[in-house]
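Peer 1: dropping the sequence and predicted coords here.
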Amino acid sequence: MFDLKDLYQEVIVDHNRSPRNFGKMDNADRVAEGFNPICGDRLNLYLKLDDGRIADVSFDGSGCAISTASASLMTDELKGKSIVEAETMFNNFHQLLTDDKPHDIQRVEHLGKLAALLGVKHYPTRVKCATLCWHTLHSALEDNKTPVSTE
Amino acid sequence: MNSKNIAPDIISSSILDVDAIRADFPILRQKIHGKPLVYLDNAATAQKPEQVIKTLDNYYREYNANIHRGIHTLSQKATEAYEGARVKVQHFINASSIKEIIFVRGTTEGINLVAQSYGRTRLKRGDEIIISEMEHHSNIVPWQLLCEQTGAVLKVIPMNDAGELIMEEFEKLLGKKTRLVSVGHISNALGTINPIEKIIKMSHAYNAVALIDGAQAAPHMAIDVQALDCDFYAFSGHKLFGPTGIGVVYGKQSLLEDMPPYQGGGDMIKMVTLEKTLFNDLPYKFEAGTPHIAGVIGLGAAIDYVSDIGLENIAAYEHGLTDYAISAASGVTGLKLIGTARDKASILSFIMDGIHPHDIGTILDQEGIAIRTGHHCAMPVMEHFHVPATARASFAFYNKREEVDQLMTALEKCKEVFK
């Protein structure tokens, strides 16, 4: 049986308790808002871009442990990445959480610390919590002004 | 039954044969993630006893037919059962006539019917509608829509931090322009039992009609619309151990007579020509199209079921269970109850230090315990308490103290996970 410890791994509990890159960014180039209307989770994502790269990123809002940890881990991984690399990470992460195929080791390794979130796959109602920040990132990169909704 | 002199814990442990009752609910026998199901999401929807399930099954197997129009035997049988259920509903809420019992899809549709049929024809620009801060979205949005359509203005009774309506403020809101007051009998997010007798009386003093959203009350206490003197009362079948997709809106006959139909179609007419239609009498005027026949008959079976147990017994038992749960919850450090009204029924809404309600929901589910987490379709309530969501355990008469204990143990486990 799947154990709760696989969902709430230490990394997740830690990033929930002390989220990294948390707070509003005053001089952000891009701001996007995401929310999960069923849960009431809200997230703002702030990006500073420099020549096609993510120079800085932060977030604020309120959400569950999965959504907070996911945003914290995501922002950590994104710093310094190119926009193209960031989109690839998004697709990769999203696919791993939503497709039925067994995990491909290479793709998982490519995720780095984000792999800690893969346990969410066994809790279908919680996948949206983990992907909210990524959908918001996607919207920020596309400079989409309408808030992202997971529904 | 006189239960006033008996200690609540004695009442609640002896008043109902809960084990016998549980045997009537097949769904409660199952295991979730290897643990016995502890179903504490009754405010969202209640489970169905064998008696209701069999009634539905029997209708579809034995006498499925359309009602009110067929001359054949099955149609007559179906019509009898359908109209028989209407009489059951009439007695259940003590309405004075079956003409006052209108079947709808649920509480939401009942409120929308009143807003659109009564409200749209009676209200004009500047008229005022009063609701409360603790309403479910289904008792907010229909009035906002009506305000947009008519130019009426929505006023809101505030609540205090215990989750009780501030009646002095209600008094201040009432005035010459007040046309309609719509409040919940019991709050789905807080469990507060509102003083609706008083609210109805005060509304009438200003010639305003009063609608009561009884979605959370009908399963937990006896309702007497004549004693309450409410003008409209709406409730849902599925929270009352009946099928989904069926509900009731009661309206005083004198008001319903003058209201235009809510929807047009078959069954709500006496005669149709291509130029003009003569509408049917009450209650059929408000029931256009083939209704949810099985749902109505199933609701009748659910009403029989709860009436056999007795709403007074149910209320007394659940009162004891809720008190037990409140006191058990006070023993869980880091847990804060949201909604601590003095008059409270069957709902335990709470938050926990450093643990988001969704995480509580997932961890509890692994223990076989079903609760609701989120804003409970009452976002203004969440705003009042400055929380994005709460965890909510809600009880029915088939829940036991052991299950409350299991809930508390599981909450301790949540703290372990996030230690």
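Peer 2: All right, it came through fine.

Peer 1: which residues touch residue B:113?
Peer 2: Shown in contact with residue B:113 (C-beta atoms under 8 Å, 6 or more residues apart in numbering or on different chains): B:102, B:104, B:249, B:262, B:286. Placement of C-beta: from N, CA and C, glycine included.

Peer 1: looking at these, state which has the most neighbours.
Peer 2: In terms of neighbour count, residue B:249 stands highest of the contacts of residue B:113 at 28 neighbours, by other C-beta atoms under 10 Å in any protein chain shown.

Peer 1: would you confirm that that one contacts residue B:104?
Peer 2: Yes. Using C-beta atoms under 8 Å, residue B:249 makes contact with residue B:104 at a distance of 5.4 Å.

Peer 1: now stretch B:150-157: buried residues?
Peer 2: Buried residues in stretch B:150-157, counting neighbours by 16 or more other C-beta atoms under 10 Å in any protein chain shown, are found at B:150, B:152, B:155-157.

Peer 1: any idea which of the residues you listed is closest to chain A?
Peer 2: Nearest to chain A among the buried residues of stretch B:150-157 is residue B:156, at 20.3 Å by C-beta to the nearest C-beta.

Peer 1: hmm, who's touching the helix or strand of chain A with the lowest mean pLDDT?
Peer 2: Least confident helix or strand, chain A: helix A:105-111 with a mean of 75, by mean pLDDT, DSSP states H and E. Under the criterion C-beta under 8 Å, 6+ apart, residues A:89, A:92-93, A:95-96, A:115, A:118 lie in contact with helix A:105-111.

Peer 1: give me the neighbour count for residue B:267.
Peer 2: Using other C-beta under 10 Å, residue B:267 has 16 other residues around it.

Peer 1: next, it: secondary structure please.
Peer 2: coil (DSSP: H, G, I helix; E, B strand; the rest coil).

Peer 1: how much space is there between it and residue B:100?
Peer 2: 18 Å (C-beta to C-beta, to the nearest Å).

Peer 1: the contacts of helix A:105-111 in helices, which ones?
Peer 2: If you go by DSSP state H, the contacts of helix A:105-111 have A:89, A:92-93, A:95-96 in helices.

Peer 1: among these, the buried ones, what's the ChimeraX command?
Peer 2: To isolate the buried subset of the ones in helices among the contacts of helix A:105-111 in ChimeraX, counting by 16+ other C-beta under 10 Å, use the following:
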select /A:89,92,93,96
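
Peer 1: OK, contacts around residue B:107?
Peer 2: Contact analysis of residue B:107 by C-beta under 8 Å, 6+ apart lists B:138, B:213-215, B:234-236, B:247.

Peer 1: again, 10 Å this time
Peer 2: By C-beta atoms under 10 Å, 6 or more residues apart in numbering or on different chains, residue B:107 lies in contact with B:136, B:138-139, B:184, B:213-216, B:218, B:233-239, B:247-249.

Peer 1: what about the residue in chain A positioned nearest to chain B, how many neighbours?
Peer 2: Using C-beta to the nearest C-beta, the single residue of chain A nearest to chain B is residue A:64, 3.8 Å away. Neighbours of residue A:64 under the rule other C-beta under 10 Å: 28.

Peer 1: so it touches residue B:363, yeah?
Peer 2: No. Using C-beta atoms under 10 Å, residue A:64 makes no contact with residue B:363, being 11.1 Å away.

Peer 1: which residues do these two both contact?
Peer 2: Shared contacts of residue A:64 and residue B:363, defined by C-beta under 10 Å, 6+ apart, are found at residue B:355.

Peer 1: what secondary structure does residue B:53 sit in?
Peer 2: Classified using three-state DSSP, residue B:53 is helix.

Peer 1: check the one 4 residues further on too.
Peer 2: Secondary structure state of residue B:57, per three-state DSSP, is helix.

Peer 1: distance of it from residue B:28?
Peer 2: Taken as C-beta to C-beta, the span from residue B:57 to residue B:28 is 19 Å.

Peer 1: okay, those two: which has more neighbours?
Peer 2: Using other C-beta under 10 Å as the criterion, residue B:57 and residue B:28 rank with residue B:28 on top: 17 against 13.

Peer 1: distance of the more buried one relative to residue B:46?
Peer 2: Applying C-beta to C-beta to residue B:28 and residue B:46 gives a distance of 11 Å.

Peer 1: show me which residues of chain B are close to chain A?
Peer 2: For chain B, the contact set with chain A under C-beta under 10 Å from any C-beta of the partner chain comprises B:33-34, B:354-363, B:365-367, B:373-376, B:379, B:382, B:387-390, B:413-414, B:416-419.

Peer 1: restricted to strands, list these.
Peer 2: Of these, the ones assigned to strands by DSSP state E are B:373-374, B:390.

Peer 1: let me see the mean pLDDT of stretch B:261-281.
Peer 2: Averaged across stretch B:261-281, the pLDDT comes to 91.

Peer 1: ends of that stretch, how far apart?
Peer 2: Terminal residues of stretch B:261-281 are spaced 11 Å apart (C-alpha to C-alpha, to the nearest Å).

Peer 1: and what of stretch B:34-50?
Peer 2: This stretch, stretch B:34-50, spans 24 Å end to end (C-alpha to C-alpha).

Peer 1: ok, now which ones touch residue 126?
Peer 2: Defaulting to chain A. Residue A:126 neighbours (C-beta under 10 Å, 6+ apart): A:7, A:39, A:64-67, A:97, A:117, A:119-120, B:358-359, B:361-362.

Peer 1: nope, chain B please
Peer 2: Residues in contact with residue B:126 (C-beta under 10 Å, 6+ apart) are B:150-153, B:177.

Peer 1: by proximity to chain A, which residue of the stretch 151-300 of chain B wins?
Peer 2: For the stretch 151-300 of chain B, C-beta to the nearest C-beta, closest residue to chain A: residue B:189, 12.2 Å.

Peer 1: so that residue belongs to a helix, correct?
Peer 2: No. Under three-state DSSP, residue B:189 sits outside any helix and is assigned coil.

Peer 1: for it, give me the pLDDT.
Peer 2: The model's pLDDT for residue B:189 equals 97.

Peer 1: I'd say it and residue B:349 touch.
Peer 2: Yes. At 5.9 Å, residue B:189 counts as touching residue B:349 under the criterion of C-beta under 10 Å.

Peer 1: overlap in contacts of those two?
Peer 2: Shared contacts of residue B:189 and residue B:349 (C-beta under 10 Å, 6+ apart): B:43, B:163, B:338-339, B:372, B:376, B:378, B:381, B:385, B:390, B:392.

Peer 1: can you list the buried residues in stretch A:127-140?
Peer 2: Buried residues in stretch A:127-140, defined by neighbour count with 16+ other C-beta under 10 Å: A:127-140.

Peer 1: do a quick rundown of the strands in chain A.
Peer 2: Using DSSP E, strands in chain A cover A:30-36, A:41-50, A:53-62, A:148-149.

Peer 1: same list (those) but as JSON lines, adding mean pLDDT.
Peer 2: Putting these into JSON lines (pLDDT from 0 to 100) gives the following:
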{"stretch": "strand A:30-36", "mean pLDDT": "93"}
{"stretch": "strand A:41-50", "mean pLDDT": "94"}
{"stretch": "strand A:53-62", "mean pLDDT": "96"}
{"stretch": "strand A:148-149", "mean pLDDT": "80"}
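
Peer 1: contacting residues around the nearest residue to residue A:76 once chain neighbours are set aside?
Peer 2: Counting by C-beta to C-beta, 6 or more residues apart in numbering or on different chains, residue A:20 is the residue found nearest to residue A:76 once chain neighbours are left out, at 5.3 Å. Residue A:20 sits next to A:14, A:58-59, A:69, A:71-76, A:79 when contact means C-beta under 10 Å, 6+ apart.

Peer 1: any idea how far residue A:78 is from residue A:20?
Peer 2: Using C-beta to C-beta, we find residue A:20 at a distance of 11 Å from residue A:78.
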